[in-house]
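Chemist: Quick check, what structure comes out for this input:
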Amino acid sequence: MSPSDQPPLPPALADNPRLDQWVRFTAPGEVTVATGKVEIGQGVLTAMRQIAAEELDIAPERIRLRSGDTEVTPNEGYTSGSQSIQYGGAALRLACAEVRALFLDHAAARLGRPRAELAVRDGAILHRGVPTGEDYWSLAAAVDLARPASGRAPVKAAGARRVIGRDMPRVDLAAKLFGEPVFVHDLALPGMVHARVVRQPRRGARIAEVDEAALRRAAKGAPIELFRHGNFLALLGADETAVEAAAAVAPNHVVWDGVDRLNPFQEEARWLLQQPAIDRVLGAPPPAAAAPAERRYEASCTRMHLAHAAIAPSCALALYRDGRLQVWTHSQGVYPLREALARALRLDPARIAVRHVQGPGCYGHNGADDAAADAAIIAFHRPGTPIRVRWRREEEFGFEPVGPAMVVTVRAVLDAAGRPADWTTEIWSGRHSSRPGRGVALLAEEALPDPPPPAPAVDPPEAAAGGGTRNAEPLYDFAAKRIIHHLIAETPVRTSALRGLGATLNVFAIEGAIDELAERAGVDPLAYRLSLLSDPRARAVIERVAGMSGWREGVPAGGGRGRGLGFARYKNRAAYVAVVAEVAVEESVRLLAVWCAADAGLVINPDGAKNQLEGNIVQAASWTLKEGVRLDESGISSCDWDSYPVLRFSEVPEVSVELVNPGADLPPLGVGEAAGGPTAAAIGNAVAHALGVRIRDLPLTRERIMAALLRA
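Modeler: Numbers count the residues shown, from 1 in each chain. Down below sits the predicted model:
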């Protein structure tokens, strides 16, 4: 096979082609496997271990997995977008298959045996099922893995797999459950100093006055140091309790100039409609003539800004010594963070090592990168002293990037049978990504002398499945579809990636419209969806969830109890998910049960995939029923669990999840964010069924329900 005939490699493997970046035989009986993807609570390390064990034909217990370390692991960008298994896993699988093939080729030459008669079992080389005395470790010195992957080695077919497709206990859970010091918060280095940052209330704000005496009084006699660089101000000390006490009162004892006031009305999304925007139209041209009113449909939905609401605040450690910076962080992108730190500190990236250590679970861009920047900046100015920064709860809620508020309007022109022939999804939203490494300043960087200019407003492109436009194109068989996207460049608070990006509200709006159009056509919502779908995998998940939930046609609306259906294929390229929700509505919504059917292609760890879907369902239910960032004139005011409520354990319903054809010889599809939109839509449709009135603004709080009923 000539180089031009080489099969295309998965992007992660093409970007990191050397096999020894992925697999190394470092000690007898052990294999070191590296992945650029990191554990954020989704079970990815367990699945990667299964992939490597399967394709290398070794016991999972032999694998020493390294992840998210700029010194030793591949650069796979961010752990985000439900891409870890679909893309990162595909790269690791091909790399491991090729390593196995290379060892078998070498063993055949050394032993003088036909290659087809050799196999691997738990690292040992067999000839016709009999051990040869050779294994990976005896051959490792002679097999050169410092070579680029070719992509030609076949991965195992379904009938040959023994590890992939089986439930396997999570490799990370036991230590967490039994309180071992595994989190970044638990790290302690000799001579470590604790730090808290006094946050710049708004970009461009300048320190006018600091009451140092008041801060030292709050420390109750324990020594603390005030570190200032430009408008970056931090409190340092060996006694964390004293530093924390001083930080808690610091906002009252630091005066800032140049602080613009916010309009609290901006906490509701409809303010976006009056803002300047960067406009785009994607898809089919608009219809030439307006349809008659009876064949038109239009409705608008909104959501507020959403917090990541990680259960613990962000934390990081940094040490600058001998011209090298080391950072320990729970960032989801150690390589992009390294680039951002190099820019902020004007250091060569080769002199910075960023290592992932597990922290509070978060799907999206929370305060992890900014906490790392805080620690790195202080450490850079205190060479030889390890610096530990832990944000306070108020700081996490008040200064992390939040998911942007959105308005989504859907319009349809119907054919004679009441089915959409022309569809428009129009979106108003702030940016859905301001992660480091993409030209966007870290929070602390904005307070340094000579801060960088604001980055231009951009959103993830459609080639990467979009940001505000994610899942804005329905999967249904409509003749003409278009998206109108209004990117709002200036938002009152910093916005960035939150699980699912724009997909959650887009699917909520689309699926709500489908239910209303079904009602207008006099057709059951489930049957109506099936009439619009030709994709057999889409139809299969809808039919499966209907069977799971005992879906019944013709149940009248308005009885206080209802069921709703939601469906989407995440990004129109990842997992297919259909959800049915059952609710009871009095003054507020009580979620009674949720059923979910998902087709994620080949599933590496079925239990892990189900856990991902269940967690996404619970989080999406919380967004739909409870969550919304509150603003006042000074900024985000919902800075604790009382003002930013989330779904409680007592409110979590029974959740049933089934995987459709999980052992198929099909590429794995991303599942971690795939249930969010269908869950929100199913709950919204169930509430409309229960009330006989549709509520289009999230969250579906008691106040919104009462207002909708009064309007009705």
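Chemist: in the stretch 351-500 of the chain, which segments are predicted with low confidence?
Modeler: Along the stretch 351-500 of the chain, the model assigns pLDDT under 70 to residues 438.
Chemist: cool, and the stretch 1-150 of the chain?
Modeler: Ranges of the stretch 1-150 of the chain meeting pLDDT under 70: 1-5.
Chemist: those strands in it, which residues are they?
Modeler: Applying DSSP state E, counting those that start in this stretch to the stretch 1-150 of the chain gives strands spanning 23-27, 30-35, 63-67, 118-121, 124-127, 130-135.
Chemist: List the beta-bridge partners for the residue lying closest to residue 623 once chain neighbours are set aside.
Modeler: Spatially, and ignoring its direct neighbours in sequence, residue 623 is nearest to residue 306 (5.9 Å; C-beta to C-beta, 6 or more residues apart in numbering). C-betas here are computed from N, CA, C, even on glycine. Here residue 306 sits in beta bridges with residue 403, as judged by DSSP bridges.
Chemist: let's have the chain start at 387 instead
Modeler: With 387 as the first residue, the last one maps to residue 692.
Chemist: For residue 692, give me the pLDDT.
Modeler: pLDDT, residue 692: 98.
Chemist: Tell me which of the strands of the stretch 387-536 of the chain lies nearest to residue 774.
Modeler: strand 449-453 (21.9 Å; C-beta to C-beta).
Chemist: Against which helices or strands is the closest one packed?
Modeler: For strand 449-453, the elements it packs on are strand 416-421, helix 430-442, judged by 3 or more C-beta pairs under 8 Å, 6 or more residues apart in numbering; DSSP states H and E.
Chemist: got the buried residues for it?
Modeler: Neighbour counts over strand 449-453 (16 or more other C-beta atoms under 10 Å) mark 449, 451, 452, 453 as buried.
Chemist: just stretch 948-966 next, same as before
Modeler: For stretch 948-966, by 16+ other C-beta under 10 Å, it's 948-958, 960-966.
Chemist: Cross those residues against strands and list the overlap.
Modeler: 948-955, 962-966 (DSSP state E).
Chemist: Tell me the one of those residues nearest residue 560?
Modeler: Distances from residue 560 to those, taken by C-beta to C-beta, are shortest for residue 963, at 29.7 Å.
Chemist: Against residue 399, how distant is that closest one?
Modeler: Distance of residue 963 to residue 399, computed by C-beta to C-beta, to the nearest Å: 28 Å.
Chemist: Can you tell me which residue is spatially central in this structure?
Modeler: residue 749 (3.4 Å; C-alpha atoms, centre = their mean).
Chemist: Check which helices and strands the lengthiest helix in the chain is in contact with.
Modeler: Counting by DSSP state H, the longest helix found in the chain is helix 476-497. Helix 476-497 sits against helix 397-401, strand 409-413, strand 416-421, helix 430-442, strand 504-507, strand 510-513, strand 516-521, helix 522-525, with contacts defined as 3+ C-beta pairs under 8 Å, 6+ apart.
Chemist: which residues touch the first one?
Modeler: Right, the one you point to is helix 397-401. 394, 422, 460-462, 473-474, 476-477, 480-481, 535, 537 (C-beta atoms under 8 Å, 6 or more residues apart in numbering).
Chemist: before we move on, what about the fifth one?
Modeler: Counting by C-beta under 8 Å, 6+ apart, the neighbours of strand 504-507 from elsewhere in the structure are 442-444, 486, 489-490, 493-494, 497, 511-513, 515, 518, 522.
Chemist: ok, back up a step: buried members of the contacts of helix 397-401 into PyMOL, please.
Modeler: A single PyMOL command suffices to select whichever of the contacts of helix 397-401 are buried according to 16+ other C-beta under 10 Å:
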select buried, resi 422+460+462+473+474+476+477+480+481+535+537
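Chemist: how about a markdown table for the contacts of helix 397-401, with distance to residue 668 added?
Modeler: Below are those laid out as a markdown table (distance: C-beta to C-beta, whole Å):
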| residue | distance to residue 668 |
| --- | --- |
| 394 | 26 |
| 422 | 31 |
| 460 | 33 |
| 461 | 31 |
| 462 | 28 |
| 473 | 24 |
| 474 | 28 |
| 476 | 28 |
| 477 | 30 |
| 480 | 33 |
| 481 | 36 |
| 535 | 35 |
| 537 | 33 |
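Chemist: and of the contacts of helix 397-401, the nearest to residue 430?
Modeler: residue 474 (7.9 Å).
Chemist: mind listing what that closest one touches?
Modeler: Contacts of residue 474 by C-beta under 8 Å, 6+ apart are 398, 421, 422, 423, 430, 434, 462.
Chemist: who are the neighbours in contact with the fourth one?
Modeler: Right, residue 423. 430, 434, 453, 454, 462, 465, 470, 474.
Chemist: can you list the helices and strands packed on strand 449-453 in JSON lines and add distance to residue 405?
Modeler: Shown next, in JSON lines, are those (distance: least, C-beta to C-beta, whole Å):
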{"stretch": "strand 416-421", "distance to residue 405": "11"}
{"stretch": "helix 430-442", "distance to residue 405": "12"}
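Chemist: Can I get these in CSV including distance to residue 896 and mean neighbour count?
Modeler: As requested, these are exported to CSV (distance: least, C-beta to C-beta, whole Å; neighbours: other C-beta atoms under 10 Å):
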stretch, distance to residue 896, mean neighbour count
strand 416-421, 35, 23
helix 430-442, 29, 25
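Chemist: Ok, which of the ones you listed comes nearest residue 921?
Modeler: Closest approach to residue 921 among the helices and strands packed on strand 449-453 (C-beta to C-beta): helix 430-442, 26.0 Å.
Chemist: which strands and helices sit next to the closest one?
Modeler: In this structure, helix 430-442 makes packing contacts with strand 416-421, strand 449-453, helix 476-497, judged by 3+ C-beta pairs under 8 Å, 6+ apart.
Chemist: Adding distance to residue 721, write those out as JSON lines.
Modeler: Output for the helices and strands packed on helix 430-442, formatted as JSON lines (distance: least, C-beta to C-beta, whole Å):
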{"stretch": "strand 416-421", "distance to residue 721": "13"}
{"stretch": "strand 449-453", "distance to residue 721": "12"}
{"stretch": "helix 476-497", "distance to residue 721": "15"}
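Chemist: Of all these, which one comes closest to residue 646?
Modeler: Closest to residue 646 of the helices and strands packed on helix 430-442 is strand 449-453 (C-beta to C-beta; 41.2 Å).
Chemist: Tell me the strands beside the closest one, with direction?
Modeler: Using DSSP bridges, the strands paired with strand 449-453 are strand 416-421 (parallel).
Chemist: who's the nearest residue to residue 598 once chain neighbours are set aside bridged to?
Modeler: Leaving aside its sequence neighbours, residue 598 sits nearest to residue 612 (C-beta to C-beta, 6+ apart; 6.0 Å). Residue 612 has the following beta-bridge partners by DSSP bridges: residue 621.
Chemist: got a list of what the nearest residue to residue 821 once chain neighbours are set aside touches?
Modeler: Nearest residue to residue 821, sequence neighbours excluded (C-beta to C-beta, 6+ apart): residue 751, at 5.1 Å. Contact partners of residue 751, counting by C-beta under 8 Å, 6+ apart, are 694, 718, 786, 787, 819, 820, 821, 882, 883, 884.
Chemist: go on, residue 602?
Modeler: 610, 632.
Chemist: does it sit in a helix or strand, and which one?
Modeler: Residue 602 is located in helix 598-604, with elements delineated by DSSP states H and E.
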